[in-house]
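# I'll drop the sequence and a predicted model, then ask my questions.
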Amino acid sequence: MAYKVFIDGQEGTTGLRIVERFQGRSDVELLKIDEDLRKNTAERKRLINESDFTFLCLPDAAAIESVSLVENKNTRVIDASTAHRTNPAWAYGLPELSAEHRAKIASSSRVAVPGCYASGFNAALYPVVKEGLIAPYHPIVCHAVSGYSGAGKKTIAVYESENKPFEYNSPRQYSMGKRHKHIKEMMAVSGLSYPPIFNPIVDDYYNGMVVTIPLHLRAMAKKTSAQHVWEVLSEHYEGQNFVKVMPFGGEGVLEDGFLAANTLRDTNLMQIFVFGNEDHVLLCSRLDNLGKGASGAAVQCMNIMMGIDETTGLI
């Protein structure tokens, strides 16, 4: 039996990537909307309620509207927007966080796909907070660099234009007012009581990201070491298909001593690195902002909801 799948917002970057990941799958029947009806509420409503699964690849307000159109109790919704990520009625789509997260995804009719930055942040920090090595009130700082594909169609067009501004050739830090849309999610899921200082950077390459969290060992809630932090993360993610904790200090896996941000492009993989010495720990998560940070995570969640191998159609 083929599941009927509708992608509301299928012309956006995430929607197009989801379509690509369905190529060659006989268990999925894509319901297509005519180009001139993409914003027609009645036609969208018809396709949503005809589907077994609807992916929402839309701005927040539009995603909320789409959910309000659901009348078929058997239609299951996977939302890639920010709208429902901290709503306790929705499953949070990062199954590797815990057995409870995975079980909720499997049984839910409403799943919120994590943000790209938040995926790397929460995957690295959640186990450390859960283990009690970091207190919920710990002052966290996070730096992250991403390719420009996550910046939206207008910005992508500027990066790829012949008249690209000179400044676009360099890393560009943004969200200087510290009001990035992922902060609420990062705080809620990781278990922090206060928002982290978050410094996102967009750079002149298409996709891939590294999320970095520096920690002072002397400020940890328990006496610990960088090696022990690595052991906690390694045990937490043991046996996972898509989240891998790399050798301590990046031994044997760094690129000439550098940690590149685009190495996992076009995959659904995430690598977590732990670096450190007697004073400091550096947690780094590397992933594709369009893969494990968006379309790949969405398809992985659908596979889990279907009760099939979560790796189906993913690399």
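Looks like it arrived, so ask away.

# extract the C-alpha trace of stretch 77-84 and format it as PDB.
Provided in PDB are the C-alpha atoms of stretch 77-84 (Å, rounded to 0.1, in the frame of the first residue of the first chain):
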ATOM      1  CA  VAL A  77       0.900  16.300  10.100                       C
ATOM      2  CA  ILE A  78       4.700  16.900  10.100                       C
ATOM      3  CA  ASP A  79       5.500  20.600  10.500                       C
ATOM      4  CA  ALA A  80       8.900  22.000   9.400                       C
ATOM      5  CA  SER A  81       8.100  25.500  10.600                       C
ATOM      6  CA  THR A  82       8.800  27.100  14.000                       C
ATOM      7  CA  ALA A  83       5.100  27.200  14.900                       C
ATOM      8  CA  HIS A  84       4.700  24.100  17.000                       C
END
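
# quick check: Leu58 touching Asp8?
Yes. Applying CB atoms under 8 Å, one finds Leu58 in contact with Asp8, separated by 6.1 Å. For glycine as for every other residue, the C-beta is placed from the backbone atoms N, C-alpha and C.

# between those two, which one's more packed in?
For Leu58 and Asp8, the more surrounded residue by other CB atoms under 10 Å is Asp8, and the numbers stand at 27 against 22.

# wait, what's in contact with that one?
Residues near Asp8 by CB atoms under 8 Å, 6 or more residues apart in numbering: 44, 47-48, 54-58, 62, 66.

# element containing Thr86, please.
In the assignment (DSSP states H and E), Thr86 maps to no helix and no strand.

# so, low pLDDT: which residues of the protein?
The chain contains no residues with pLDDT under 70.

# just the CA trace of the longest helix seen in it, in CSV.
In terms of residue count, the longest helix belonging to the chain (DSSP state H) is helix 116-130. Provided in CSV are the C-alpha atoms of helix 116-130 (Å, rounded to 0.1, in the frame of the first residue of the first chain):
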residue,chain,number,x,y,z
CYS,A,116,18.5,23.3,12.1
TYR,A,117,20.6,25.2,14.7
ALA,A,118,18.4,23.8,17.5
SER,A,119,19.0,20.2,16.3
GLY,A,120,22.7,20.6,16.7
PHE,A,121,22.4,22.5,20.0
ASN,A,122,19.9,20.2,21.7
ALA,A,123,21.6,17.0,20.5
ALA,A,124,24.9,18.1,22.1
LEU,A,125,23.5,19.7,25.3
TYR,A,126,20.4,17.6,26.2
PRO,A,127,22.3,14.6,27.5
VAL,A,128,24.8,16.7,29.5
VAL,A,129,22.0,18.6,31.2
LYS,A,130,20.1,15.4,31.8
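
# the chain should start at 14 in everything you say after this.
Yes, from this point I'll number from 14; that puts the last item at helix 129-143.

# one step back: select, from the contacts of Asp21, the two members most distant in space.
Using CB to CB, the pair of the contacts of Asp21 lying farthest apart is Leu60 and Ala75, separated by 14.5 Å.

# the two: which is more packed in?
More crowded of Leu60 and Ala75, by other CB under 10 Å: Leu60, with 20 against 16.

# hang on, the earlier thing: shared neighbours, Leu71 and Asp21?
Common neighbours of Leu71 and Asp21 (CB under 8 Å, 6+ apart) are Ser79.

# now Leu71: closest residue in space, sequence neighbours ignored.
Using CB to CB, 6 or more residues apart in numbering and skipping the chain neighbours, the partner closest in space to Leu71 is Gly22 (4.2 Å).

# ditto for Asn62
Counting by CB to CB, 6+ apart, the residue nearest Asn62 is Asn85, at 4.2 Å.

# mind checking how far the one you found is from Ser94?
Taking CB to CB, to the nearest Å as the measure, Asn85 falls 20 Å from Ser94.

# now do Val126
8 Å.

# ok, which stretches of the stretch 214-328 of the chain are strands?
For the stretch 214-328 of the chain, applying DSSP state E, counting those that start in this stretch gives strands covering 222-229, 256-258, 283-289, 293-300.
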